[in-house]
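Visitor: okay, sequence plus prediction incoming.
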Amino acid sequence: MSVSISYYSNGGNKTINSFYGGNYAYRYCPSRHAEYIKNNFPYDIEFLRSLPDYFESGDYVFVHAGINLAYLDWRKTSSWEYRSIRSPFHKMKNETGKIIIFGHHPTRYLNNDKQDDVWLSSCGTKIGIDGAAVFGGKLHGLEIGRDEIIVNSIDKVGNVEKKPIRSRQ
């Protein structure tokens, strides 16, 4: 198991703290942290490894980072792309017939107003929910109903907001 230094700057330190059980004064010791987690949390590691790259349900695809929209069959997207793709996915038109809900890329970099609110593509077929909570932004969750999507958000001071968004349905 290897961990890159960028892992720490992308919120990995908070993940490490959750495994160590508190505010662990981490040092950039990726191999030591990886070994500790591997040895002490084998069931968690196995659970994470068992998860699919995406979940498809009805008109929706739920994925960590996105899909490769250049493929005629988006399911040919590689595991790496499901977990890491950014700009090509954000900019390309979604012609899958699905609404794609994703995280990985803070919405402040997608929203024109640079806010941490949920991002909705211009056609309403992609919804970004990474509100950069790890960086003091917002944590978002969606309630997906038959006729509407409700965004539930909480900011760094605990303010809760609930509001509907419009997507293509």
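Guide: Perfect, thanks for sending it.
Visitor: could you tell me the end-to-end distance of stretch 95-109?
Guide: With CA to CA, to the nearest Å as the measure, the ends of stretch 95-109 fall 23 Å from one another.
Visitor: do the same with stretch 44-59
Guide: Counting by CA to CA: the opening and closing residues of stretch 44-59 are 30 Å apart.
Visitor: what do you get for stretch 54-65?
Guide: 10 Å.
Visitor: likewise stretch 38-47?
Guide: Rule used - CA to CA; the end-to-end distance of stretch 38-47 is 12 Å.
Visitor: ditto for stretch 101-121
Guide: Stretch 101-121 end-to-end distance (CA to CA) = 11 Å.
Visitor: go through that stretch and flag the buried ones.
Guide: Neighbour-count burial for stretch 101-121 flags 101-108, 110, 116-121 (criterion: 16 or more other CB atoms under 10 Å). C-beta: built from backbone N, CA, C; applies to glycine.
Visitor: how distant is that stretch from the center of its chain?
Guide: 11 Å (CA atoms, centre = their mean, to the nearest Å).
Visitor: what do you get for stretch 36-44?
Guide: 23 Å.
Visitor: let's number from 57 now, not from 1
Guide: In the new count, where the first residue is 57, that last one comes out as stretch 92-100.
Visitor: picking up where we left off before, what about the buried residues of stretch 157-177, which are in strands?
Guide: 157-158, 175-176 (DSSP state E).
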